[in-house]
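Q: coords below, sequence missing:
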DNA sequence: TCTGGGGTCCTAGGACCC
DNA sequence: TCTGGGGTCCTAGGACCC
């Protein structure tokens, strides 16, 4: 049996943990640079505020409605998230963290559906007691059904946070009440095409012939249909396979116009992406670097990119930073007001295929990179970093409504007056 | 003052090669 | 009258997720 646990409006809920004054107020959290709304608590949602809308478009409305607006406080969310995952792992055989606010659990015992349901309430209660986060729990014999049950647990009347979709009766009772776009893997475009074929809820989708879905759409949709029918298509390892591409990109807090700033930003992204690459024990054969101005600015949209290939695949940050430096000449155009840059590591393979170049001295720097990673893990992110990144970052993201980093900064730990 | 997220996978089609 | 293929690499952009 699988379960999917996720947090109700995670970012907004975390803000309410450390600022009790917010608990009965509508709260919204913004993305990087205070660009878009990325979380709205249930109270804000009821007032009509939605996710992924540019903030400046709803700014006035939010002010009028008394919505409290916060910038993203990632340090805090990541810390609370890891606490929650450690609580969750006590309940299951295996846990796969799927994103900052949700995880799949795998169970080997065979229980009755009523017992699963009760376990769901137990998990909810425990997470509330230990971390003060509201979660929904959904159980199913496949990850796609667990995800659907989670949707039912949170959205359908009468469930209050826990649901099971296992038997035929449960499928018949719950799937017809779920829109086809709410199925995991069905986005806006597929929804349109499916609706045109008369497939307008999760149950009708589950009744389709897998072969037909493969013929008209793709193997991805075929697997979704089979999983809705209860056939396991995604092995446990496939829920989170090694990534084939790793990107680090960010928009600047303000426009950037100098080559030095661009270089420093690229080096920063090279560090972040390469660290992720090492964390999944992989090497990259090539890397892409890009820089662009804003498509929303008046000037012509400019996006430059440069690809570097490595004779020997690497996860050495220095190799990526060197390549970034070479790419800079192609990326930088004087006069362009850069809005966004990024680094992508491509053509990724497992590090067990590491092979030295026959004609140059050993390129295995894994010991050096291990020291870098373990130092930063022990003494904090960025304790040790590359000079190419510069020592003064003028392009830090805009976070005008940042709350206190209550669990990760000594000077911002909450004080209780007696 | 000015404002529009970040990440991954997949594929069509252009450019280039012989 | 009818006539030029097949392969690889790269990029841009679509689609999906949170």
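A: Sure thing, it's come through. Predicted model, so just to flag it, every value in this text is computed and none were measured.
Q: Now residue A:65: phi and psi?
A: When read as degrees, to the nearest 10, the backbone of residue A:65 gives phi -80, psi 0.
Q: Just give me the neighbour total for it.
A: 15 (other Cβ atoms under 10 Å). Where you see a C-beta, it was placed from the backbone N, CA and C, and this is true even at glycine.
Q: how much space is there between the residue lying closest to it once chain neighbours are set aside and DNA strand C?
A: Spatial nearest neighbour of residue A:65, excluding adjacent residues (Cβ to Cβ, 6 or more residues apart in numbering): residue A:47 at 5.2 Å. Distance, residue A:47 to DNA strand C, by Cβ to the nearest atom of the strand, to the nearest Å: 21 Å.
Q: For residue A:20, see how far away residue A:47 is.
A: According to Cβ to Cβ, to the nearest Å, residue A:47 stands 21 Å off from residue A:20.
Q: check contacts around residue A:87.
A: The neighbours of residue A:87, taking Cβ atoms under 8 Å, 6 or more residues apart in numbering as the test, are A:126, A:127, A:130, A:131.
Q: in what helix or strand does the third one lie?
A: According to DSSP states H and E, residue A:130 maps onto helix A:113-131.
Q: how far does that helix sit from the chain's center?
A: 24 Å (Cα atoms, centre = their mean, to the nearest Å).
Q: neighbour-wise, which of residue A:47 and residue A:20 wins?
A: More crowded of residue A:47 and residue A:20, by other Cβ under 10 Å: residue A:47, with 16 against 9.
Q: one step back: need the contact partners of the helix holding residue A:130.
A: A:1, A:3, A:5, A:17, A:80, A:83-84, A:87-88, A:91, A:111, A:133-139, A:153, A:161-164, A:166-167, A:170.
Q: burial of the residue of chain A found nearest DNA strand C, as a residue count?
A: Proximity of chain A to DNA strand C (Cβ to the nearest atom of the strand) peaks at residue A:187, 2.4 Å away. Using other Cβ under 10 Å, residue A:187 has 9 neighbouring residues.
Q: ok, and for stretch A:318-333, which residues are buried?
A: For stretch A:318-333, the neighbour count (16 or more other Cβ atoms under 10 Å) marks A:319, A:320, A:321, A:323, A:324, A:327, A:328, A:331, A:332 as buried.
Q: meant to ask about stretch A:242-255
A: A:246, A:247, A:248, A:250, A:251, A:252, A:253, A:255.
Q: hmm, back to that, of the contacts of helix A:113-131, which belong to strands?
A: Counted as lying in strands by DSSP state E, out of these, are A:3, A:5, A:135, A:136, A:137, A:138, A:139, A:162, A:163, A:164.
Q: Tell me which two of those sit farthest apart.
A: Spatially, the most separated pair among the ones in strands among the contacts of helix A:113-131 is A:135 and A:164, at 15.6 Å (Cβ to Cβ).
Q: circling back to that earlier point, filter the buried residues of stretch A:242-255 down to the ones in strands?
A: Using DSSP E, these in strands are A:246, A:247, A:248, A:250, A:251, A:252, A:253, A:255.
Q: where along the stretch 251-400 of chain A do the helices fall?
A: Secondary structure of the stretch 251-400 of chain A (DSSP state H, counting those that start in this stretch): helices at A:259-279, A:317-331, A:366-379.
Q: tilt between the shortest one and helix A:317-331?
A: Using axes from the mean of the first three to the mean of the last three Cα atoms, to 10 degrees, the interaxial angle of helix A:366-379 with respect to helix A:317-331 works out to 90 degrees.
Q: Pull out the buried positions in helix A:366-379.
A: A:369, A:372, A:373, A:376.
Q: Output these in JSON lines; the columns should cover pLDDT and distance to residue A:352.
A: What follows is these, written out as JSON lines (pLDDT from 0 to 100; distance: Cβ to Cβ, whole Å):
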{"residue": "A:369", "pLDDT": "94", "distance to residue A:352": "16"}
{"residue": "A:372", "pLDDT": "95", "distance to residue A:352": "21"}
{"residue": "A:373", "pLDDT": "95", "distance to residue A:352": "18"}
{"residue": "A:376", "pLDDT": "93", "distance to residue A:352": "24"}
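Q: Just want the residue of the stretch 251-400 of chain A that's nearest DNA strand B.
A: Per Cβ to the nearest atom of the strand, the residue of the stretch 251-400 of chain A with the smallest distance to DNA strand B is residue A:296, at 3.3 Å.
Q: so where's the stretch 151-300 of chain A uncertain?
A: By pLDDT under 70, the low-scoring segments of the stretch 151-300 of chain A are A:235-240.
Q: ok, now which ones touch residue A:23?
A: Contacts of residue A:23 by Cβ under 8 Å, 6+ apart are residue A:16.
Q: Please go through the ones in strands among the contacts of helix A:113-131 and note which also touch DNA strand B.
A: Among the ones in strands among the contacts of helix A:113-131, not one lies near DNA strand B by Cβ under 7 Å from any atom of the strand.
Q: ok, of these, which come out buried?
A: A:3, A:5, A:135, A:136, A:137, A:138, A:139, A:162, A:163, A:164.
Q: what about the last one, distance to residue A:119?
A: To tie it back to what came earlier, the one meant is residue A:164. Residue A:164 is 9 Å from residue A:119, by Cβ to Cβ.
Q: and if you look at the fourth one?
A: In this structure, residue A:136 and residue A:119 are 14 Å apart, going by Cβ to Cβ.
Q: Make sure residue A:98 is indeed in a strand.
A: Yes: assignment of residue A:98 by DSSP: H, G, I helix; E, B strand; the rest coil places it within a strand.
Q: what number of residues lie near it?
A: Residues within reach of residue A:98, counting by other Cβ under 10 Å, total 16.
Q: cool, and the one 5 residues further on?
A: Summarising burial for residue A:103: neighbours were counted as other Cβ under 10 Å, giving 24.
Q: Am I right that it is in a helix?
A: No: assessed with three-state DSSP, residue A:103 is strand; it does not lie in a helix.
Q: what number of residues lie near the spatially closest residue to it that is not a sequence neighbour?
A: Residue nearest to residue A:103 in three dimensions, not counting chain neighbours: residue A:97, with 4.9 Å by Cβ to Cβ, 6+ apart. When neighbours are defined as other Cβ under 10 Å, residue A:97 has 16 of them.
Q: if I look at residue A:97, how far off is residue A:170?
A: Going from residue A:97 to residue A:170 by Cβ to Cβ gives 27 Å.
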